[in-house]
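[1] got a structure for you, letters missing:
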């Protein structure tokens, strides 16, 4: 058994000032685990924000290479978390061990990728416009711009990725990379996991000599509001429900100083089945799609919740196959009781809608989630029925059959913002698909061809974002290296001497980075 | 006399459905000019947003080079606006002809600079991670990312730059560059100017074959709320008061789909006078600073509203000289009656504050603004007195004397976010100024050394932004080429064939742009 103190992490120390105790539970049995977690008091939340703010001046001013060492050290600590740790995560989340092992690698890999970004230096956005003392009518001063971290960031992790989107997940990694200390609100669904990971982060911070307060973590329910409203917090990262994310956005917008919130919330991830693809491989598509819908008990932000195609004999065959495959899928244990009851409610709403019919799936009962398949009138999408726009988090999807391509375009036009949109298509289908692609570009952050949206690669080109309500700000991504941009702001220096400029902007280009100098990209010294 | 119809610009046509008529006035005499402007009705505002949304799919999909032609054509049309036009702008704003001629060149230059950015292509942020079909345990798909315009943008111009921050100003230029059609709310202070400029934009749109609705303009008071709340509007640009900007932010945040607002609002632009600089050139600093404070009747967002230095005989001499210079400055006509009454009120607030003394300036009376100099207790800054944080828009500034460097740091720490922060310093002053610079970096978007903040260069490296309340989002700038980033969002394509990819991401790199390919910047084809 790991050594779990259950105390809050504040400024490099542990703190347990409150008397409210919360417990983590075994996701499969519902029984409380033998650890006590001390819910943070308002004073402790304030102290955590203050600790992050105290660390900020030193931390943000560190050379990016030093922050890279910190992230690499976190990665090593995460990789070193052993089988006991994996077993605990599995108990808290009911996710299988193989999945958690893979997620551990993804999470450490994410840290190392941000370390690479820090060494590469393009995140600095260095721009130099040299002085033109002879310019008429007025001389141009020397102007240089680069980017710096915004300040302390509050991060709220997700339940469905207890490692990759949680304590040391993408939001934490990108905020730390940007030079922003973090206050993490531990997810109540996996507090033991959170403590083990926080310990790993703290060990890495100590080994690499980071300022105390670079990473803080608080436990408890309802403590997030104090955090988001704290005047020293400068941005928020969140992954979770539309309701939760929107509440944080509203709080942040109502502050004396409004701050940006990057909330990744709700997406139904439409999959468009094109006629030739159904003709040539409807069976395998039905099979693959089923696997994508039920994978991980459907508990992915990019789970395909809407499948749409044009009426045809092949579509009918596909539907029949899909019904067969979905009926074969076993019930699975969900992340926690709250997730299961949301799923049950979501399925009930679909079942009781007069425009929606139930095609496959056992009646929802007991402590596991039954996979479900529904079919909705295309009219619901075209008329903007809100139910079809709502993510039902779990192993379910809704089939929609349209009369022709014109109706397909109208139906897709009715969709709200999405994380992903997928085309299952043969080359012949794509010959005149430019308008369809253009429409999907306006709806989603990522467009896939002949893949399934579950599975989000961590790389430079990834966008895990999209128009509202997929996220609260379509200009960001919470996966991939561009995520760092959310926590940076530009600063310009006018006529500054080399000695007072950040390294990124010094004449000699000591970082050896690419810079935009008088409108040309170069890594040359001036 | 120009041909002014006073009708709203909607989808390439003119519209006057309402019966409310508004007038522009001569800023010097207050008399109404002989033109009638038709306040937009709610239907017309909706139609303008709809026209922009209808233009969006075609406009955003145009090659960037075509949008560049449009911006260049606008620049040519602006340059061709003759002396009659300049005279009208002067009548509406009481700004001198030389200033307006200069501003016209700045505004057309701004358009041409964005055209250059469009041809350069770095705004696209192209990133490519090539497929790794052999990767274990899972293959990596081909992932490619670039950025596209957000959608229709609402722009609210400023009164103080009737060209550069108005109808065809920086927000409009950057939104159009990004591929976002614009609905511009004409400023009530210069509607004749707005109409002449809108005509220039429309001529350019027609000459270059842009879709109707790429640029729309509405007249009237109170019509902005309909615009910001319209579901098709996807972002807002604003330059003006804190109260006005914050109201727009609050409206945008409360929408069913919240949208980003880039509001440039309130800044007092501290100027820090360092001891050696006062010793060696206190007189000339007093002279130059006075010129900066009263330039353009103090009607600049970057007007230096706070001057701070350490107590010394040289500081006292400087103060004496500054009092002398400020007392010599004549009254000037402000942009409009509203600006004058705000100024009068702001000066009264300073005058009646017990911690603030009046050092120079005639009593404020009549129809012109009298330059004023005040001195405030350092304690007010340290204790966070709100009055000292408020921008008084006009020819006034507040001197603050601190006991030593420690108190200087405390006083500056108390400041809210700023557009600029300036150091007046000799090399000897800078030897241990790293902590001061670090503090100012956290407060402002632009740091100047031995310059004055009035005068904002339009270039790649400029930041005209900063932490709240200088702007509503410190991550943006409203001047310089980085302004385009505010209106772009990333989109990722997974396993897309070349034919369906945007040019920025095609294998052959037909645009010849720099791209991040597998982590390396290159302009090579794949």
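    Received the coordinates, thanks. Being a predicted model, the structure only gives us computed values, none of them experimental.
[2] residues in contact with the one helix or strand in chain A whose mean pLDDT sits lowest?
    Ranked by mean pLDDT, DSSP states H and E, the weakest helix or strand in chain A is helix A:386-389, scoring a mean of 91. Helix A:386-389 is contacted from outside by A:268, A:306, A:349-350, A:353, A:356, A:376, A:380-381, A:398, A:415-416, using Cβ atoms under 8 Å, 6 or more residues apart in numbering or on different chains. Bear in mind the C-beta positions are built from the backbone N, C-alpha and C, glycine included.
[3] how far off centre is the very next helix or strand once past that helix?
    Downstream of helix A:386-389, the next assigned helix or strand under DSSP states H and E is strand A:396-402. Centroid displacement of strand A:396-402 relative to its chain, using Cα atoms, centre = their mean, to the nearest Å, is 26 Å.
[4] repeat for stretch A:406-426
    22 Å.
[5] first-to-last residue distance for that stretch?
    19 Å (Cα to Cα, to the nearest Å).
[6] may I see the buried residues of it?
    A:407-408, A:411-412, A:414-426 (16 or more other Cβ atoms under 10 Å in any protein chain shown).
[7] near chain B too, which of the residues you listed?
    A:416-417 (Cβ under 8 Å from any Cβ of the partner chain).
[8] the buried residues of stretch A:406-426 in strands, which ones?
    Counted as lying in strands by DSSP state E, out of the buried residues of stretch A:406-426, are A:418-424.
[9] can I get the residues you listed in a markdown table with pLDDT?
    Formatted as a markdown table, these follow (pLDDT from 0 to 100):
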| residue | pLDDT |
| --- | --- |
| A:418 | 98 |
| A:419 | 98 |
| A:420 | 98 |
| A:421 | 98 |
| A:422 | 98 |
| A:423 | 98 |
| A:424 | 98 |
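[10] and of the residues you listed, the nearest to residue A:208?
    residue A:419 (33.9 Å; Cβ to Cβ).
[11] which non-adjacent residue is nearest the closest one?
    The shortest distance from residue A:419 to any non-neighbouring residue, by Cβ to Cβ, 6 or more residues apart in numbering or on different chains, is to residue A:267 (4.0 Å).
[12] help me confirm that that neighbour comes into contact with residue A:302.
    Yes: with contacts counted by Cβ atoms under 8 Å, residue A:267 reaches residue A:302, the gap being 6.9 Å.
[13] I'd like to know which of the contacts of helix A:386-389 are buried.
    The neighbour count (16+ other Cβ under 10 Å) marks A:268, A:306, A:350, A:353, A:356, A:376, A:380-381, A:398, A:415-416 as buried among the contacts of helix A:386-389.
[14] among the residues you listed, which lie within helices?
    Residues of the buried ones among the contacts of helix A:386-389 located in helices (DSSP state H): A:350, A:380-381.
[15] how long is stretch A:290-304 end to end?
    Per Cα to Cα, stretch A:290-304 runs 9 Å from first to last residue.
[16] report the buried residues of that stretch.
    A:290, A:292-304.
[17] so which of those sit within strands?
    Counting by DSSP E, the buried residues of stretch A:290-304 place none of their members in strands.
[18] can I get those in CSV with distance to residue A:388 and pLDDT?
    Output for the buried residues of stretch A:290-304, formatted as CSV (distance: Cβ to Cβ, whole Å; pLDDT from 0 to 100):
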residue, distance to residue A:388, pLDDT
A:290, 20, 97
A:292, 19, 96
A:293, 16, 97
A:294, 20, 96
A:295, 22, 94
A:296, 23, 92
A:297, 22, 93
A:298, 17, 93
A:299, 20, 93
A:300, 19, 93
A:301, 18, 93
A:302, 18, 95
A:303, 15, 95
A:304, 14, 97
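[19] can you tell me which of those lies nearest to chain B?
    Taking Cβ to the nearest Cβ as the measure, chain B lies nearest residue A:302 of those, at 11.1 Å.
[20] if you drop the residues flanking it in sequence, what lies closest to that closest one?
    Using Cβ to Cβ, 6+ apart, the closest residue to residue A:302 is residue A:453 (3.9 Å).
[21] also residue A:18?
    Closest residue in space to residue A:18, ignoring its immediate chain neighbours: residue A:41 at 4.2 Å, by Cβ to Cβ, 6+ apart.
[22] just give me the neighbour total for the one you found.
    Neighbours of residue A:41 under the rule other Cβ atoms under 10 Å in any protein chain shown: 20.
[23] surely it is in contact with residue A:7?
    No: Residue A:41 lies out of contact with residue A:7 (Cβ under 8 Å); the separation is 11.9 Å.
[24] can you list the neighbours in contact with the helix or strand hosting residue A:46?
    Residue A:46 is part of helix A:42-61 when elements are defined by DSSP H and E. The contact list for helix A:42-61 (Cβ under 8 Å, 6+ apart) reads A:8-12, A:15, A:17-18, A:40, A:67, A:148-149, A:151-154, A:179-183, A:210-214, A:216-218, A:223, A:226-227, A:230, A:232-233, B:438, B:442.
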